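*Asks:* Requesting a structural model of the entry that follows:
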Amino acid sequence: MLRLEPRPAPSRAWAWASPLLALAITVLLGVLLFVALGKDPVRGLQVFFWEPVKSAYALGELGVKATPLLLIALGLAVCFRSNVWNIGAEGQFVIGAVAAGGVALLAGPGTGRWVVAAILLAGVLGGMLWAGVTAFLRDRFNAGEILVSLMLVYVAVQVLGYLVYGPWKDPAGYNFPQTRTFDAATQVPRLMAGSRVNLGAVLALAGAALLWVYLFRTRVGFAQQVGGLAPAAARYAGFSSRRALWTALLVSGATAGLAGALEVAGPIGQLTPYVPAGYGFAAIIVAFVGRLHPLGMVLSAVLMSMFYIGGELAQSRLGLPKSLTGVFQGLLLFALLACDTLVNYRIRRAGGSR
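*Replies:* Next up, the predicted model:
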């Protein structure tokens, strides 16, 4: 018989080994899932873990998917490290896309490339505005940010739906709920010919580097984390827990809004009801699998984007439902939660010596 014994202190080794074990368990469960569905498990794993990296074009598509996941996860890491539970990054992503799309629709044939900066700035401000609603309600009325931010996701989706079905609907779009295609000047610059990966990937990696410096090499980053985790200690040290709340939510809203702007001014090229792709929710998994550390989140964003692409390929090549992407994401999250037990506990034989 085995039992769990509390560790004297959390294990740093298991803190990083736990995601790797969780990934291995996810792969094993994936094999069993493919067998249960009557599919070749080797082919299934190939679709998820080899096809997304086998060519330069595939790597570019991996970057397209990983960019919004990483950007949103970076902002969420600031929130979670500050003990602010922003679950509504999807709504901030959508409003950022709406704000960016509004600016993009103003561009015409004679508009210069400077409009790209205006589009991205609009996305950032839109995301910050939507996150600011949550910050205000938490700050002024002590409303729980989990519920408020989550409910605002559905409001954001309704705002998008109203615009694409109503005043922003393309009159020449054969009655489809979408805006007109944005002009070429609004397109975010691509990094290489023949690939859809764009400047957003560079911005995401630069954001990861800046977050590392902010969190681990600056006094304000230390104050940000203390202000959220221990308000009483923060007040004693002269740090503001209120400032930590506003900073965390506004930074998170900014990165989610930027991700939304890059999405509509990049791969999508217009506003449609399908802008909400679940990136805001998947980024929560990215943040925790990456241990809220910038480098870890870069790796986990790539892994999660492989699940997205693998799910799409499994649908077209294996005849499996697209929801398989969500299944793999859920398996990874639950496996991680289970494996994290080993950070604070160790397995001992019942009756054995300590």
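
*Asks:* So which residues of the stretch 1-150 of the chain form helices?
*Replies:* Taking DSSP state H, counting those that start in this stretch to define them, one finds helices in the stretch 1-150 of the chain at 12-36, 41-49, 56-81, 89-106, 115-141, 145-165.

*Asks:* now the ones you listed in a markdown table, with mean pLDDT, mean neighbour count and distance to Leu342?
*Replies:* In short, each C-beta sits where N, CA and C put it, glycine included. Listed next are the helices of the stretch 1-150 of the chain as a markdown table, based on pLDDT from 0 to 100; neighbours: other Cβ atoms under 10 Å; distance: least, Cβ to Cβ, whole Å:
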| stretch | mean pLDDT | mean neighbour count | distance to Leu342 |
| --- | --- | --- | --- |
| helix 12-36 | 93 | 16 | 5 |
| helix 41-49 | 93 | 17 | 24 |
| helix 56-81 | 96 | 25 | 21 |
| helix 89-106 | 98 | 28 | 29 |
| helix 115-141 | 98 | 21 | 34 |
| helix 145-165 | 98 | 18 | 27 |
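
*Asks:* Nearest to Ala261, out of those?
*Replies:* Ala261 lies closest, by Cβ to Cβ, to one member of those: helix 115-141, at 2.4 Å.

*Asks:* Who are the packing partners of the closest one?
*Replies:* helix 89-106, helix 145-165, helix 241-263 (3 or more Cβ pairs under 8 Å, 6 or more residues apart in numbering; DSSP states H and E).

*Asks:* would you turn the ones you listed into CSV with distance to Pro273?
*Replies:* Output for these, formatted as CSV (distance: least, Cβ to Cβ, whole Å):
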stretch, distance to Pro273
helix 89-106, 10
helix 145-165, 6
helix 241-263, 14
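
*Asks:* so who does Gly319 touch?
*Replies:* Applying Cβ atoms under 8 Å, 6 or more residues apart in numbering to Gly319 gives no contacts.

*Asks:* How about Val53?
*Replies:* Neighbouring residues of Val53 by Cβ under 8 Å, 6+ apart: Leu59, Leu62, Met306.

*Asks:* Quickly find the element holding the last one.
*Replies:* Taking DSSP states H and E as the definition, Met306 sits inside helix 294-317.

*Asks:* Rounded mean pLDDT for the next helix or strand after that helix, please.
*Replies:* Reading on from helix 294-317 to the C-terminus, the next helix or strand found by DSSP H and E is helix 324-339. Per-region confidence: helix 324-339 scores 92 on mean pLDDT.

*Asks:* Could you list the buried residues of the helix or strand following helix 324-339?
*Replies:* Sequence order places helix 341-344 as the next helix or strand after helix 324-339, per DSSP H and E. Applying a neighbour-count criterion of 16 or more other Cβ atoms under 10 Å, one finds Leu342, Val343 buried in helix 341-344.
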